[in-house]
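**Student:** could you look at this predicted model? Sequence included:
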Amino acid sequence: MFWKKRATTGGRLTLHIGIHRTGTTGLQRGLAANRDRLKAQGKCYAFQGTNHQDIAWALHRGKMSGKDLVRKLEAHAGERHIILSGEDFCIHRDLGWLAPLKAVYDVEAIVYLRRQDHWLMSWYNQHVKWPFSKRHSVMTPREFLGCLDEFYWLDFDSMLGLWDGALGRDKVQVRIIEKGQVTDAIGDFFALTGIDGSTLEMTDALQNDSLPTEMLEYVRAAGMYDIRNPERVAIIEFLQAAAKSAGCNARTLYTAAERQSVLDRFAQSNAAVARHWFGRDALFLESPPDDGGLYIEGTLAARGDYDDLMRHAIGALGREHK
């Protein structure tokens, strides 16, 4: 293991800090579903929720302090290894709340990074499928690309620099999600934290799969922000099935030039992370973007029969579940 033991009294505290769209949902659901099995291994997935986003946001908004969190964790006094997982720990710009935790626990952080162009497409997909804000949920892919400044944590050098300064380099494990580096984030996390995954019950149902690329314009048109479960789930499942039956196989929403412009924006930051954390020049090792698998907006909608099918089916699904 890369962590060095500190002379602390509260045991080991692992913070899984994201980032979004790196297999975090599947990991969190798996940990939550296996709390008893984890406990048998001396691992405590703290509290009762699926994830710890509420804690990440309370700290971020100043509604909880580090001392408050220490007191909250007293509910798990005596546990040798406590795990917290929340994607929005990575968006914090002030990590002063870590100091009280470090006085009690041997604190470490694990973060998974995804190449920014891939991440942006997945984040757009997520905003349309499970919208966090109405404004983003109705944007076209190009409009969403214009929001890049809002996702400041994609400057990995700046984000990781804060955690490096707060915990020390030996207490922050940076992992890269891509072929040739880390392809199984859940298995990788288990290895880093000493979890025996063979004793856990993990299923594909735990994953938060993206919608097929071709379906996104239909979901956006359906106005998913205003649709609640179970209607939303029914629509998503229908569109996934429809995409499969139609042989949809597009993989990208942005042209190679658009994706390269995203990478160019973060080139210096990525190079700095590669040198500091990995001792090499390149952070991501896969090939540059190309236009293979590109979906052209409106391709399916241009087929009147398919457009009518989608409009009527989405309406029927919504009415059926009301």
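**Tutor:** Perfect, thanks for sending it.

**Student:** contact partners for Val182?
**Tutor:** Residues near Val182 by Cβ atoms under 8 Å, 6 or more residues apart in numbering: Tyr112, Arg175, Ile176, Asp188. All C-beta atoms are positioned from the backbone trio N, CA, C, and that covers glycine.

**Student:** in a strand, the third one, correct?
**Tutor:** The one in question is Ile176. Yes - with DSSP: H, G, I helix; E, B strand; the rest coil as the criterion, Ile176 is part of a strand.

**Student:** test my guess that it contacts Leu283.
**Tutor:** Yes - between Ile176 and Leu283 there is a contact at 6.7 Å, judged by Cβ atoms under 8 Å.

**Student:** host element of Tyr112?
**Tutor:** strand 106-114 (DSSP states H and E).

**Student:** mind listing the strands for the protein?
**Tutor:** 12-16, 44-45, 81-85, 106-114, 172-177 (DSSP state E).

**Student:** quickly note the distance from the spatially closest residue to Ser210 that is not a sequence neighbour to Ser287.
**Tutor:** Using Cβ to Cβ, 6 or more residues apart in numbering and skipping residues adjacent in sequence, the residue nearest Ser210 is Asn125, 4.3 Å away. Taking Cβ to Cβ, to the nearest Å as the measure, Asn125 falls 22 Å from Ser287.

**Student:** more crowded one of these two?
**Tutor:** Neighbours per residue (other Cβ atoms under 10 Å) separate Asn125 from Ser287, with Asn125 holding more: 22 against 6.

**Student:** how near is Ser85 to Leu148?
**Tutor:** 26 Å.

**Student:** between the two, which one's more packed in?
**Tutor:** In this view Ser85 and Leu148 are compared by other Cβ under 10 Å, and Ser85 has more residues nearby, 27 against 15.

**Student:** who are the neighbours in contact with that one?
**Tutor:** Shown in contact with Ser85 (Cβ under 8 Å, 6+ apart): Leu15, His16, Thr24, Leu27, Gln28, Leu31, Tyr45, Asn51, His52.
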